[in-house]
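Participant: here is my input; please provide its structure:
(one chain, ligands or ions: 2)
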Amino acid sequence: MVDPSLHRTFAQDVVELWHAGLRPVVVHGGGPQISAMLDRLGLEVRFEAGLRVTTPETMDVVRMVLTGRVQRELVGAINVHGPFAVGLSGEDAHTMTAVRRTASVDGRPVDIGLVGDVVAVDASAIGALLERGHIPVISPVARGEDGQVYNVNADLAASALAVALGADRLMVMTDVEGLYADWPRSNDVIARLNAAELHALLPRLASGMLPKMEGCLRAVRAGVGRAQVIDGRTPHALLRGLFTEDGPGTTVVPDEAPGGKEDGA
Ligand SMILES: Nc1ncnc2c1ncn2[C@@H]1O[C@H](COP(=O)(O)OP(=O)(O)O)[C@@H](O)[C@H]1O
Ligand SMILES: CC(=O)N[C@@H](CCC(=O)OP(=O)(O)O)C(=O)O
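Facilitator: Ligands and ions are numbered 1, 2, ... in the order given. As a prediction, this is how the structure comes out:
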């Protein structure tokens, strides 16, 4: 999302999917853009277990950058192709409701401020947009029943929405080839694993890969057909990932499906 040409090909792919009869829903992130803005404003950038430590001042910046900038850029890039995209914040129409969560660091809960875990999804606004032929573009910001606004990791927000929508696929884009078996010592990509295998691996994961894989696990355990982590640095990664059987990156399948191929085959 920080490379203009990849941004364009991503938007093109989403529109191609729509023309092919699929109903894509886009959930965007924007961690690097938020961190750059925090830097410019002289505010602290800190993560615990892949989640941003979010003070009330940070939350203002998160909301502004995600819904005011990254979402607008994506909507604009998709709408180059026609009147498809409509942007929504997770706060809108009670789409996502979150409760405050902590991060788990060495097995201990650590306070990370206004970070939320999605506990309820009202997918009716998204459903209405899909029915009218639109492509919803959702920012990972949620309302809390306590009146606060919460910062939600984009991959976990996408996972919760995929479950609520009964999606066939969750496609998660990242800046590496996929899930590495022994990162950072080696970069052998795990091509396919089932939910039980992923569950066993989670304690060994770090940084941004942790919420990403937690999102994939939650999705396939709650009925999404499969979750794929794909390399967003590759042009047209989305189309290649969707239309190639056991395509590039890492595929997570439900518990009962065979997993266990670590050789990239
Ligand atoms: N096992 C792993 N396999 C691949 N990447 C990993 C692994 N563990 C940690 N990482 C890190 O996670 C990063 C991806 O997460 P991040 O960039 O935070 O996510 P996002 O795509 O949401 O911005 C990779 O760039 C890499 O540095
Ligand atoms: C709680 C939390 O960490 N929220 C993320 C939301 C954006 C995001 O997830 O962006 P990426 O997909 O680019 O990482 C953040 O503040 O960076």
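Participant: what residues does the chain put near ligand 1?
Facilitator: Residues of the chain lying close to ligand 1 (CB under 6 Å from any ligand atom) are 29, 31, 154-155, 174-176, 179-180, 183, 205-209, 212. Backbone N, C-alpha and C define where each C-beta goes, glycine included.
Participant: show me those residues that map onto helices.
Facilitator: Among the residues of the chain next to ligand 1, the residues falling in helices (DSSP state H) are 31, 154-155, 209, 212.
Participant: min pLDDT across those residues, which one?
Facilitator: Least confident of those in the model: Met209, at 93.
Participant: number of residues surrounding that residue?
Facilitator: For Met209, the neighbour count with other CB atoms under 10 Å is 20.
Participant: next, find the distance separating it from His94.
Facilitator: From Met209 over to His94 the distance is 30 Å, taken as CB to CB, to the nearest Å.
Participant: next: Val86.
Facilitator: Distance, Val86 to His94, by CB to CB: 17 Å.
Participant: looking at these two, which is more packed in?
Facilitator: Each of Val86 and His94 has its neighbours counted (other CB under 10 Å); Val86 has more, 18 against 15.
Participant: skipping its backbone neighbours, what lies nearest Leu179 in space?
Facilitator: Closest residue to Leu179 apart from its sequence neighbours, by CB to CB, 6 or more residues apart in numbering: Thr250 at 4.1 Å.
Participant: report the contact partners of Ser35.
Facilitator: Val45 (CB atoms under 8 Å, 6 or more residues apart in numbering).
Participant: ok so it is a helix residue?
Facilitator: Yes - in this structure, Ser35 lies within a helix as judged by DSSP: H, G, I helix; E, B strand; the rest coil.
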